[in-house]
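1. mind looking at a prediction? Sequence and model below.
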Amino acid sequence: MFNTLSDRLTSVLQNLRGKGRLSEADIDATAREIRVALLEADVALPVVRTFIASIKERAKGSEVSQALNPAQQVVKIVNEELVGILGGETRRLNLAKNPPTVIMLAGLQGAGKTTLAGKLAKWLRGQGHTPMLVACDLQRPNAVTQLQVVGERAGVPVFAPEPGNGVGDPVEVARRGIEEAKRAQHDVVVVDTAGRLGVDEEMMRQAIDIRAAVQPDEVLFVVDAMIGQDAVNTATAFSEGVGFTGVVLTKLDGDARGGAALSVREVTGQPILFASNGEKLEDFDVFHPDRMASRILGMGDMLTLIEQAEQAFDADQAEAAAVKMGSGQLTLEDFLEQMLALRKMGPIANLLGMLPGAGQMKDQLANLDEKHLDRVQAIIRGMTPAERDDPKIINASRRLRIANGSGVRVSDVNDLVNRFFDARKMMSQMAGRFGL
Ligand code: GDP
């Protein structure tokens, strides 16, 4: 979702490369371009102002003038400031000392609360918790059923008012939900609440009443990152109304400009805890400001990728692959194995988006279809073990044989082998940078 912003920032910063010294004029010009890029991405003006002011101040200070490589120093400053506005440290969920931990969700209708309840439940289960969902959105037709469906998919029970039982009071449902959770010994309760299409007093009143009744350990404000500048206004209204302890950004998979993500934390002072990037239950992750910043700056999100890979591979295999990547010894056999494991993790375009330089590869990503991957798989399978092990031996006649054997053109084989060498080189450079 940050593709445009990411491209802009990367190219602004790339223009600095090769400059031995940076004049004040260079810094001013860079700051100006960053400012435009942020504003175009819908980042709120006050946030942009603060951001640019600190970049200028730091870049003009001794930090840069005394650096061996001023351009890199500017990139470092921009990265650090970006991490700062995204919240600095990763903020973990607050768990109650005496369970159940109560998490209340608040936000506009359509923000993705109900979907998030399911994602959160699934994620919590994965962390060894025994969550339960409580359906307090009694406003929207189907909201209760939708939560029940989501709960079933996530494999967690849902507490909902029984139809016809005269329970129309969400506060009462919330209270009874918590009692039920205590009785059945669930250690986390996620309370889904009603939203409206816009901020309105009655909705806010209801959220305030539920908050007062259940005393949640966390109130998570769920916001659709695609609504642009409105996200900031909505966040402010919820912050002043019901109040919240953390933010969840949803729909980060959309192609919106993403300014919301960069503004909400700074404007409300509350940290972003989670990010949602798709409709499926697994399209969800803990929000790491540092990783998001490096992703925006086109450095890729190696850490998230590694974490996801660890879930798909067994730890020993992942470690062995990481060592091989780092030392530039990755073979096509490893590559094939990893590709098969990766493909189990979901659409490959999502994963590739996290790789360094992915911002600039977005056209290729958009065109990337699973058929292409089938072809890559076929090509590698058409190679002998010796060729997979040491792709350098794949000369012209071998390429022809492989192409014929796997039903592709020689140029496809060339392409794959060349890309593999590039990727291997890039991985070992990245590994060096990240100290892997
Ligand atoms: P609620 O009214 O806040 O409970 O919102 P819902 O959970 O019903 O979500 C509204 C719509 O957004 C549904 O169609 C969801 O499938 C969709 N949705 C939720 N989260 C995401 C997300 O991260 N990405 C995308 N693309 N769609 C999402």
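-> Ah, there it is.

2. mean confidence score for stretch 374-387?
-> The pLDDT scores in stretch 374-387 average 90.

3. make that stretch 55-65, sorry
-> If you average the pLDDT values across stretch 55-65, you get 82.

4. could you give me the buried positions within it?
-> 55-56, 58-59, 64 (16 or more other C-beta atoms under 10 Å). C-betas here are computed from N, CA, C, even on glycine.

5. and for stretch 271-288?
-> 271-278, 281, 283-288.

6. quick one: that stretch near the ligand?
-> Yes. Using C-beta under 6 Å from any ligand atom, stretch 271-288 reaches the ligand at 276-279, 283.

7. hang on, A237 packs against D200?
-> No. Shown here, A237 and D200 do not form a contact pair, counting by C-beta atoms under 8 Å, at 9.6 Å.

8. give me the contacts around stretch 20-33.
-> With C-beta atoms under 8 Å, 6 or more residues apart in numbering as the contact definition, stretch 20-33 has outside contacts at 8, 12-13, 15-16, 19, 52, 55-56, 59-60, 64-65, 70-71, 74.

9. on the three-state scheme, L252 is what?
-> coil (DSSP: H, G, I helix; E, B strand; the rest coil).

10. near the ligand, which residues of the stretch 1-150 of the chain show up?
-> 107, 109-115.

11. rewinding a little: looking at the residues of stretch 271-288 next to the ligand, which is nearest V247?
-> S276 (11.4 Å; C-beta to C-beta).

12. where's that closest one relative to W123, distance?
-> 11 Å (C-beta to C-beta, to the nearest Å).

13. any residues in contact with both of the two?
-> Shared contacts of S276 and W123 (C-beta under 8 Å, 6+ apart): F284.

14. sorry, back to before: what about the buried residues of stretch 271-288, which are in strands?
-> 272-276, 284-286 (DSSP state E).

15. for the closest residue to the ligand within the stretch 251-400 of the chain, which non-adjacent residue is spatially closest?
-> Residue nearest to the ligand within the stretch 251-400 of the chain: S276 (3.4 Å; C-beta to the nearest ligand atom). In this structure, S276 finds its nearest non-sequential neighbour in T250, 4.0 Å apart by C-beta to C-beta, 6 or more residues apart in numbering.

16. pairing partners for that neighbour in the sheet, please.
-> D224 (DSSP bridges).

17. let's number from 39 now, not from 1
-> From this message on, residue numbering opens at 39, which makes the last subject T288.

18. distance of it relative to V112?
-> Distance from T288 to V112, counting by C-beta to C-beta: 33 Å.

19. cool, and G366?
-> From G366 to V112 the distance is 29 Å (C-beta to C-beta).

20. out of the two, which sits in the more crowded spot?
-> In this view G366 and V112 are compared by other C-beta atoms under 10 Å, and V112 has more residues nearby, 26 against 15.

21. so what's the more buried one up against?
-> Contacts of V112 by C-beta under 8 Å, 6+ apart are 51, 54, 60, 65, 68, 93, 97, 102.

22. burial count for the closest residue in space to the second one that isn't next to it in sequence?
-> Closest residue to L54 apart from its sequence neighbours, by C-beta to C-beta, 6+ apart: A109 at 3.8 Å. For A109, the tally of surrounding residues (other C-beta under 10 Å) stands at 21.

23. in what helix or strand does A109 lie?
-> For A109, the element it lies in under DSSP states H and E is helix 108-123.

24. would you mark the buried spots in that helix?
-> 108-109, 111-113, 115-117, 119-123.
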